[in-house]
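Peer 1: got a structure for you, letters missing:
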């Protein structure tokens, strides 16, 4: 039977463990000698290869859907500090964008007297840690009008 199973596996293009042999027809199957005989038994349905069981993706899709909504991201799921999770470049971009938008807003409201470009380049050079640091600098150097 092992030889028959091996021939059937080769013909069906599956592994030997996937080959199903009908237990009711074992007496007829055991008489088989050639590959043509095995082909005939495959056509009769005495030997077949059932569909392999896959991994269902239902739970994975449900998990991904919840994660997109912002669920499943609590403290117990987190590995690494805030810096490692956000990354240096992303942190830099959010910090710079916040400072630039604040500077632009002050300019639109005519609160900056002079030195807009100089402060802009200082922001670009990473001189200010955050918006409050920038605001302190503007007040100390008299570059901003009182409201």
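Peer 2: Yep, it's here. Values in this document were obtained by computation on a predicted structure and should not be read as measured data. Numbers count the residues shown, from 1 in each chain.

Peer 1: three-state assignment of the spatially most distant residue from the centre of the chain?
Peer 2: Relative to the mean C-alpha coordinate of the chain, counting by Cα atoms, centre = their mean, the farthest residue is residue 31 (53.8 Å). Secondary structure assignment for residue 31 (DSSP: H, G, I helix; E, B strand; the rest coil): coil.

Peer 1: quick check: it vs residue 135, distance?
Peer 2: 93 Å (Cβ to Cβ, to the nearest Å). (Each C-beta comes from the backbone N, C-alpha and C, glycine too.)

Peer 1: which non-adjacent residue is nearest residue 85?
Peer 2: Nearest residue to residue 85, sequence neighbours excluded (Cβ to Cβ, 6 or more residues apart in numbering): residue 78, at 6.9 Å.

Peer 1: surely that neighbour touches residue 84?
Peer 2: No: using Cβ atoms under 8 Å as the test, residue 78 is too far from residue 84 to be in contact (10.0 Å).

Peer 1: what about residue 75, neighbour count?
Peer 2: By other Cβ atoms under 10 Å, the residues close to residue 75 number 5.

Peer 1: can you pull the pLDDT of residue 74?
Peer 2: As summarised for this prediction, residue 74 has a pLDDT of 92.

Peer 1: may I see the buried residues of stretch 27-37?
Peer 2: Under the neighbour-count criterion of 16 or more other Cβ atoms under 10 Å, stretch 27-37 has 29, 32 buried.
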